[in-house]
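A.B. asks: predicted model and sequence below, questions to follow.
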Amino acid sequence: MLTLALSTLRARKGTFAGAFVALLFAAALVTACGALLETGLRGTIPTERYAGTPVLVTADQELHWTKEKKGKTKEKSKPLTERAWAKADPALVKRLAAVPGVRAVVPELTFPAHVMTDKGPLAKGASWGHAWESARLTPFALRDGRAPKEADEVVADAGSGLRTGAKVTVQSTGAPSVYEVVGIAAPPGRAALARQSTLFFSTEQARRLAGHPGQVSALGLLTAPGATVSEVRAGALLAVSDTPSLKVRSGDERGPVEFIDADKARVSLISLGGAMGGTSLLVALLVVAGTFALSIQQRARELALLRAVGATPRQLRRVVGREALVVGLLAGPPGAVAGLFLARWMHGRFVAVGALPDTLELTVSAFPPLAAVLATLLAAWGAARVSARGPARMRPTEGLAAAALGSGRTPAGRVVAGVLAAVGYVVLVVVLSGLETDAAATPVTFLSVIVAAAAIALLGPSLARVATWVTGGIARRLSPASGFLAAQNTRADARRVAAVVTPLSLAVAMASTILFTQTTSSHAAGEQAASGTRASYVLAASGPGVPAAAARAVRERVPGTTVTEVVPTTVRVGQDKFAAQGVSSPGLPRTLDPEVTAGTLAAMDDGTVALSDLAARTRHARVGDRVTVTLGDGVEKDLTVTAVYARGLGFGDLLLPHRMVAAHVDRPLSSSVLVAGAPNRSALTAALRDFPTVRVLDRTAVAAARRTQEGAQAQVKYIAMGLVIAFTAIAVVNTLVMATSARRREFALLRMIGTTRRQLRAMLRWETLTITLLAVVLGAAVAGATLTAFSLGMTGAPTPYAPLVPGLAVIATAVLLAFVSTALPARAAQRSGTGAPTEAG
């Protein structure tokens, strides 16, 4: 059987080339998704700041809870979204210092600190402030000058380009202040840390700027000569055993504590990689199955001859399966290698658009490529075996007749499976219409499209006959000869039409869904934010944020204004995670209108919270109820619900007191400040003369900034799912080329009975037009139904936002792919098929 399979492969290289291409790209896509998923699961976060500190004691950076299911209790945990601070108990420090092998216990404070210029921060990227006493954690050593002693003195890293004696403006957690650079420091052998800029302050000033009295971000344990890390770690674990909120970390455990953003990104990457990987695998299976089905269909005559000369159905399935395994072995390994390069490119793009921090390095192991090769082999073998079942079960005479005349009906089993897939799609759409969060809706959205594509693939022959009946009459009237030939061909070979329609309709549906789910949610959020913002002007900063002193200056210098400071964050209510905003409450209804449906925002104070309709329904909360909110750093607050509002997409699901939120986030400066009642922009600009990096934006500028930010966020989804679209487009081209190239014998017969080349090309154009129209209509119908359900769930309105130009671009691309992929191989097939039919076939 293997010898026969190899002989067939050598004799029909062109037939199997399409299957090879499909499997090659499928392996690459699955490998890339697997590498991203593995990075999220166990990607390394190398340490920089704590490179010279073998052991760290920090607060627990995860939120824990217990979950009971079927009588079993499970411990669950999720990473906190902000840095958790540890209480620096003198007794604890004393116990740690007494651990054998500990040379010193060094308290660490970490807070944002940027050297500012008129154009914004001097350093691009993260910039953190620390107390000089913690410089030895890296260690940093002075290269020039001295340590800071006074409140207005700093030591800068050598990579900043600053010089001793320079006067600089530093924006930290409060108002910008002028400091004198009294020293320049650097770690051993380098000018600065690679992924962050560093400023050192005096101990007292650092404690004031950190804003966490009596707390530290970490306690570093420096080991004495001869002491081992394992011994010190064991002693430290014993010293903190009575304080479960503290964790002892060493080795690779230090990186996630230093780079909190990278640790959070791992969770996001797991979700993204899992969703993208699952979607990619399902698309790959669908494409590979369609490719092998077309390949088997083109070899129907050959398989029927094998049955005629005595091959049993089992032997036929075995030879086809082994052919597929050989093709899979040839395509899988190079595709998997290409997938590793693809994963690295995707990781780089995610970092470039800000979706991932560069501190989360791509993890590459042998597992994703091996899994991709195995998946490719299984997909090829399974698709080939399933596709060969029909020819194998036919009697030899029936098989020869079917190969010569084509099968005029679709098997009942295929129709039943197609109907079930269509019903499954309807069920998924109904489920989707009730999902109100992006995390829940996104996987169901793309699964719906794939299930719909499976239904189209199974019911394709029947759909093709209906489409031919509709378009055939038009074609015959406009072009009697070529239109007649096109109608007869598509009607007689409906399976070939279905094999081409499936990937093309999938490409249209997938591209439209990816584009317009993003535009629908972002448009709804933008509309809500624009409608609910009553402020005439918004203050924004080119640096780390708008300081409270700038908002205070507007209040004091521009009479009659109402100023609302806004700090974004993420919180949990129970185990549910919500986007939230901290807002200053005096005069809040003058600047913000989130469309309150119950209660009032005027009653907001330090002990209250306002919930969106979604959050209120999720937590079964009403006005006057008490809810426990877990802030980003893990601190719990019991708050009273003072209002419920409708515009959760535009303003987040919780509105919290500004001062409370600012005290529990890593970056406490306001992301924006809303100003109502200002006479004009000039008055605000004059009031902000002491804050050169703070800009005054009108409503038009705010809307433009929001669109820019949404565009950057959308790039993540476009990059991730765009590869699936690219793979589907390749499958479209591949399938069309296979379907057209295999028609040399047919073209030769038509030429022999007097059909001119011009008539042949016109016939192909009509055929392609029929196929394209069917694919576009089906793809658009699937996308339309899916997007309507998505919009109903996410926005409450069954009207997705689908701009005309991108929609036309999707359709135009599909049409271009179809016509180019048909015209070029058709010309080649006609040139090679000008001889006798037996020679051409």
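C.D. replies: Structure's in. What do you need?
A.B. asks: going forward, measure contacts between C-alpha atoms and count neighbours the same way
C.D. replies: Fine.
A.B. asks: do a quick rundown of the strands in the stretch 201-350 of the chain.
C.D. replies: Ranges of strands in the stretch 201-350 of the chain, per DSSP state E, counting those that start in this stretch, are 215-216, 218-223, 246-250.
A.B. asks: quick one: list the elements packing against the longest one.
C.D. replies: In terms of contact count using 3 or more CA pairs under 8 Å, 6 or more residues apart in numbering; DSSP states H and E, strand 218-223 is assigned the packing partners strand 55-59, strand 102-108.
A.B. asks: that one vs strand 246-250, what angle?
C.D. replies: In terms of direction (axes from the mean of the first three to the mean of the last three CA atoms, to 10 degrees), strand 218-223 departs from strand 246-250 by 50 degrees.
A.B. asks: surely Leu774 touches Thr502?
C.D. replies: No. Using CA atoms under 8 Å, Leu774 makes no contact with Thr502, being 9.8 Å away.
A.B. asks: for stretch 573-591, which outside residues touch it?
C.D. replies: Contacts to stretch 573-591, defined as CA atoms under 8 Å, 6 or more residues apart in numbering, come from residues 533-535, 562-572, 601-602, 604-605, 615, 619, 627-630, 651-662, 674-676.
A.B. asks: ends of it, what's the gap?
C.D. replies: When the termini of stretch 573-591 are compared using CA to CA, to the nearest Å, they are 26 Å apart.
A.B. asks: Ser202 touches Pro148, doesn't it?
C.D. replies: Yes. Counting by CA under 8 Å, Pro148 is a contact partner of Ser202 at 5.2 Å.
A.B. asks: give me the mean pLDDT for the helix or strand where Lys577 lies.
C.D. replies: Using DSSP states H and E, the element containing Lys577 is strand 576-583. On average, the pLDDT along strand 576-583 is 92.
A.B. asks: ok, now stretch 351-366?
C.D. replies: Across stretch 351-366, the average pLDDT comes to 82.
A.B. asks: kindly report the same for stretch 191-211.
C.D. replies: For stretch 191-211, the mean per-residue pLDDT is 93.
A.B. asks: flag every buried residue along it.
C.D. replies: Residues 191-193, 195-203, 205-207, 209-211 are the ones in stretch 191-211 that count as buried (16 or more other CA atoms under 10 Å).
A.B. asks: in helices, which of those appear?
C.D. replies: Thr203, Gln205, Ala206, Arg207, Leu209, Ala210 (DSSP state H).
A.B. asks: the fifth one contacts Thr173, doesn't it?
C.D. replies: Yes. A contact is recorded between Leu209 and Thr173 when judged using CA under 8 Å, the distance being 5.9 Å.
A.B. asks: out of the strands of the stretch 201-350 of the chain, deepest packed?
C.D. replies: Of all these, strand 218-223 carries the top mean neighbour count, a mean of 25, counting by mean count of other CA atoms under 10 Å.
A.B. asks: how distant is that one from the center of its chain?
C.D. replies: A distance of 37 Å separates the centroid of the chain from that of strand 218-223, by CA atoms, centre = their mean, to the nearest Å.
A.B. asks: so what touches it?
C.D. replies: 52-59, 85-86, 96, 101-109, 137, 229, 232.
A.B. asks: that one pairs with which strands, parallel or anti?
C.D. replies: Its sheet considered, strand 218-223 pairs with strand 55-59 (antiparallel), strand 102-108 (antiparallel) by DSSP bridges.
A.B. asks: report the mean per-residue pLDDT for that strand.
C.D. replies: The pLDDT scores in strand 218-223 average 95.
A.B. asks: check stretch 30-39 too.
C.D. replies: Stretch 30-39 shows a mean pLDDT of 87.
A.B. asks: could the strands paired with strand 218-223 be laid out in a markdown table, adding distance to Pro798 and mean pLDDT?
C.D. replies: Below are these laid out as a markdown table (distance: least, CA to CA, whole Å; pLDDT from 0 to 100):
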| stretch | distance to Pro798 | mean pLDDT |
| --- | --- | --- |
| strand 55-59 | 46 | 95 |
| strand 102-108 | 52 | 95 |
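A.B. asks: most packed of the ones you listed?
C.D. replies: The highest average neighbour count among the strands paired with strand 218-223, using mean count of other CA under 10 Å, belongs to strand 55-59 at a mean of 25.
A.B. asks: gap between Gly779 and Leu360?
C.D. replies: Per CA to CA, Gly779 is found 38 Å from Leu360.
A.B. asks: and the two? Which one has more around it.
C.D. replies: Gly779 (29 against 24; other CA atoms under 10 Å).
A.B. asks: in contact with the more buried one, which residues?
C.D. replies: Applying CA under 8 Å, 6+ apart to Gly779 gives the contacts Leu504, Ser505, Leu506, Ala507, Val508, Ala509.
A.B. asks: run a quick neighbour tally on the last one.
C.D. replies: Meaning Ala509. If you count neighbours by other CA under 10 Å, Ala509 ends up with 29.
A.B. asks: assumed it was part of a helix.
C.D. replies: Yes. Per DSSP: H, G, I helix; E, B strand; the rest coil, Ala509 lies within a helix segment.
A.B. asks: element containing the closest residue to it other than its chain neighbours?
C.D. replies: Closest residue to Ala509 apart from its sequence neighbours, by CA to CA, 6 or more residues apart in numbering: Gly779 at 4.4 Å. Assessed by DSSP H and E, Gly779 sits inside helix 757-795.
A.B. asks: for that helix, buried residues please.
C.D. replies: Residues of helix 757-795 classed as buried by neighbour count (16+ other CA under 10 Å): 759-780, 782-795.
A.B. asks: end to end, how far does stretch 623-642 reach?
C.D. replies: End-to-end for stretch 623-642, by CA to CA: 5 Å.
A.B. asks: for it, which positions count as buried?
C.D. replies: Neighbour-count burial for stretch 623-642 flags 623, 626-627, 629-634, 637, 639-642 (criterion: 16+ other CA under 10 Å).
A.B. asks: nearest to Trp65, out of the strands of the stretch 201-350 of the chain?
C.D. replies: strand 246-250 (16.4 Å; CA to CA).
A.B. asks: touching that closest one from outside, list them.
C.D. replies: Strand 246-250 is contacted by residues 54-60, 86, 229, 233, 236-237, 240 when judged by CA under 8 Å, 6+ apart.
A.B. asks: distance to Gly460 added to those, as a markdown table?
C.D. replies: Compiled in a markdown table, those are given as follows (distance: CA to CA, whole Å):
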| residue | distance to Gly460 |
| --- | --- |
| Pro54 | 63 |
| Val55 | 63 |
| Leu56 | 62 |
| Val57 | 62 |
| Thr58 | 60 |
| Ala59 | 59 |
| Asp60 | 56 |
| Ala86 | 63 |
| Val229 | 65 |
| Arg233 | 64 |
| Ala236 | 67 |
| Leu237 | 65 |
| Val240 | 66 |
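A.B. asks: which of the residues you listed sit farthest apart?
C.D. replies: The span of the contacts of strand 246-250, defined through CA to CA, is set by Ala86 and Val229 at 21.8 Å.
A.B. asks: return the helix or strand in this protein with minimum mean pLDDT.
C.D. replies: Within the chain, confidence by mean pLDDT, DSSP states H and E is lowest for helix 837-840 among all helices and strands, at a mean of 41.
A.B. asks: identify the contacts common to Ser202 and Pro148.
C.D. replies: Trp132, Val154.
A.B. asks: only the buried subset of the contacts of Gly779, as a ChimeraX command please.
C.D. replies: Here is the ChimeraX command that selects only those of the contacts of Gly779 that count as buried (16+ other CA under 10 Å):
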select :504,505,506,507,508,509
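A.B. asks: okay, the contacts of Gly779 in TSV with distance to Leu688 next?
C.D. replies: Below are the contacts of Gly779 laid out as TSV (distance: CA to CA, whole Å):
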residue	distance to Leu688
Leu504	57
Ser505	56
Leu506	54
Ala507	52
Val508	51
Ala509	50
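A.B. asks: what's the closest of the contacts of Gly779 to Asp157?
C.D. replies: Comparing these against Asp157 with CA to CA places Ala507 closest, at 51.6 Å.
A.B. asks: any idea how far the closest one is from Leu778?
C.D. replies: 11 Å.
A.B. asks: give me the low-pLDDT residue ranges for the stretch 201-350 of the chain?
C.D. replies: Low-confidence segments of the stretch 201-350 of the chain (pLDDT under 70): 290-291, 294-311, 313, 315.
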